[in-house]
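# Sequence and computational prediction follow.
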Amino acid sequence: MILFKDFSIFWSLFHALILFILLFESKYSKKKTIQLSLYAMIPLIIANVFLLFILGNAAYLKIMLLTCSLPSLIFFYFLAKHRDGRFLFTFCMADTIIMELIYITNIVEYFIPGDNYLFLFFSRLLLYPILEFFVYKKVRTTYLDVQNHINKGWYHFAAISAIFYVLMTISMSVPTLITERLEYLPALTLIFILMPLIYIQILFTLNHQKKMYELTEQDNILRLQVSNMSERIQEFYEADEKFRIERHNMRHKMQTIAGMLEKKEYEELSSLISEYNEAIQETKVKRYCTNPVLDAVLASYLQKAEEKGIQVHTKIMLPDTLPVKETELATVFANAIENAINACEKLQNDKRYLEVKVLNSPRFMIQISNSFDGFISFNENNVPVSHEKGHGFGTKFIVAFCKKYGAFYEFKAQENRFTLRIGFDR
């Protein structure tokens with residue numbers, strides 16, 4: 001029967017590893033991270049189970065920090081993408097959650113008459129997968145996203161988690177096991193209740209910070225759209241003023257042309273007509289569509305792309321009536337083109353290109369393609385994720401926009417070409 005208890009301890013330590021990897025950001029690929037973790041941690045877990053078997057439960061709990069937690073922390077530190085408070089908090093949180101379940105099942109097992117190794121075996125067999133399923137479905141995506149975009153305050157949270165680790169260990173096993181000091185059990189129970197509540201509050205706080213940052217980013221985009229509109233209006237005003245002057249001078253120019261024709265001064269006439277054509281071209285404003293909001297955004301961002309040496313190709317045919325709000329669609333264009341520009345800037349000038357296509361038939365569809373360096377990460381929903389500070393909100397806005405309007409979306413990377421497609425049902 002004691003084999004069940006030994007296996008349940010091995011099972012607990014193994015799932016501490018799984019829980020941590022679910023919330024951990026590695027600098028290596030997922031496959032390599034899992035391989036390295038298994039190669040390093042399985043022997044460490046086996047060694048700790050052996051120590052537990054030799055020393056006994058009470059003695060092992062006093063040295064577990066040095067024999068299990070500290071080596072694990074050092075190993076994963078070298079794998080971590082974020083070697084700061086984010087890593088420390090994630091590590092301590094995963095460890096303390098598993099430790100709490102170990103301690104709770106140990107205490108419950110003490111109060112059940114007889115040698116209830118089967119209770120430890122089956123309770124831990126079920127609890128950890130349930131916990132990991134919940135974390136994977138409800139916590140993981142948001143938590144990884146928060147790590148990539150919030151980099152302040154983590155050391156404070158890590159300190160709280162580390163204090164819980166030490167507090168639980170001391171309360172459970174120093175100077176003797178809690179089962180030999182049952183008068184302290186109510187205090188330990190309060191710690192068991194308090195810790196998850198504080199973790200939940202920390203996660204809510206971090207997620208709130210991320211949402212506030214996203215709102216700030218979207219507010220900046222809206223401000224930029226207003227600025228683009230103002231610049232576009234000024235551009236049209238200046239072009240109209242030039243055309244008004246040209247129209248005023250047209251009578252004199254026609255008289256000059258007639259005089260040259262009469263004198264048969266054809267070479268001078270050709271030169272003069274070229275000069276007049278250049279003046280007329282100066283009154284021309286490049287327009288991408290008839291919608292003023294979308295035209296302003298497209299003009300601003302595509303001009304920015306051209307200024308960075310990116311070859312720009314456009315084919316834009318908008319429907320008479322848009323199926324979505326023009327301001328939100330303008331934000332989609334702004335984010336998508338901005339992402340494309342950032343990707344192109346990593347390439348040599350002769351390899352930079354950007355294509356923007358909008359089709360009105362057979363259905364309203366947007367396709368934005370650009371060159372990129374071939375390196376991109378996708379999450380489990382096949383949506384690109386950015387590991388750079390301050391990036392990634394644009395893609396999330398595009399996904400949220402598509403979900404809001406029931407639109408089809410696809411992010412596709414093929415060799416050195418990245419394509420975003422968005423399609424709307426009629």
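Okay, I see it.
# Could you say which helix or strand holds P71?
P71 belongs to helix 70-79 when assigned by DSSP states H and E.
# what packs against that helix?
If contacts are counted by 3 or more C-beta pairs under 8 Å, 6 or more residues apart in numbering; DSSP states H and E, helix 70-79 sits against helix 2-23, helix 30-55, helix 85-111. C-betas here are computed from N, CA, C, even on glycine.
# Swap in 6 Å and give it another go.
For helix 70-79, there is no helix or strand it packs on, judged by 3 or more C-beta pairs under 6 Å, 6 or more residues apart in numbering; DSSP states H and E.
# what sits up against it?
26, 40, 44, 91 (C-beta atoms under 6 Å, 6 or more residues apart in numbering).
# between those residues, which has the most around it?
F91 (24 neighbours; other C-beta atoms under 10 Å).
# returning to what we had before: the helix holding P71 to helix 2-23, inter-axis angle?
30 degrees (axes from the mean of the first three to the mean of the last three C-alpha atoms, to 10 degrees).
# Which pLDDT value goes with N228?
pLDDT recorded at N228 is 57.
# Going by residue numbers, what spans are helices in the stretch 151-300 of the chain?
Along the stretch 151-300 of the chain, the stretches classed as helices by DSSP state H, counting those that start in this stretch are 154-173, 185-262, 266-281, 292-307.
# contacting residues around Y155?
Contacts of Y155 (C-beta under 6 Å, 6+ apart): G85.
# ranking the helices of the stretch 151-300 of the chain by mean pLDDT, which is last?
helix 266-281 (a mean of 64).
# Just the closest of the contacts of helix 70-79 to L322, please.
Of all the contacts of helix 70-79, L322 sits closest to S26, with 42.6 Å by C-beta to C-beta.
# Just give me the closest of the contacts of helix 70-79 to E306.
Once C-beta to C-beta is applied, the member of the contacts of helix 70-79 that ends up nearest E306 is S26, at 38.6 Å.
# ok, and the closest non-adjacent residue to that closest one?
T33 (4.0 Å; C-beta to C-beta, 6 or more residues apart in numbering).
# Show residues contacting stretch 346-363.
For stretch 346-363, using C-beta under 6 Å, 6+ apart, the contacting residues are 305, 309-317, 319, 340, 344, 365-371, 373, 426.
# Produce a ChimeraX select command limited to the buried residues of those.
Here is the ChimeraX selection string for the buried members of the contacts of stretch 346-363, based on 16 or more other C-beta atoms under 10 Å:
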select :305,310,312,316,340,344,365,366,367,368,369,370,371
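# Keep only those of the contacts of stretch 346-363 that are in helices.
305, 340, 344 (DSSP state H).
# Beta-bridge partners for the closest residue to the second one other than its chain neighbours, please?
Looking back up the chat, that one is A340. Distances taken as C-beta to C-beta, 6+ apart place N370 nearest to A340, at 3.7 Å, with adjacent residues excluded. Bridge pairing for N370 (DSSP bridges) gives the partners L354, F418.
# and N370, what pLDDT?
pLDDT, N370: 95.
# list the contacts for it?
Counting by C-beta under 6 Å, 6+ apart, N370 has contacts 340, 343-344, 354, 418.
# now swap in L36 and tell me
L36 touches nothing, counting by C-beta under 6 Å, 6+ apart.
# let's see it at 7 Å
Residues in contact with L36, defined by C-beta atoms under 7 Å, 6 or more residues apart in numbering, are L79.
# Could you measure from it over to F24?
12 Å (C-beta to C-beta, to the nearest Å).
# One more: L55?
L55 is 29 Å from F24, where distance means C-beta to C-beta.
# Compare those two (neighbour count), which wins?
Neighbours were counted for L55 and for F24 using other C-beta under 10 Å; F24 has more, 23 against 14.
# hang on, isn't the more buried one packed against T90?
Yes: judged on C-beta atoms under 7 Å, F24 makes contact with T90 at a distance of 5.8 Å.
# Apart from its chain neighbours, what residue comes closest to Y136?
L22 (6.0 Å).
# Count the neighbours of that neighbour for me.
17.
# my read: it touches T141, true?
No: L22 is not in contact with T141 according to C-beta under 7 Å; the separation is 10.5 Å.
# That'll do, ta.
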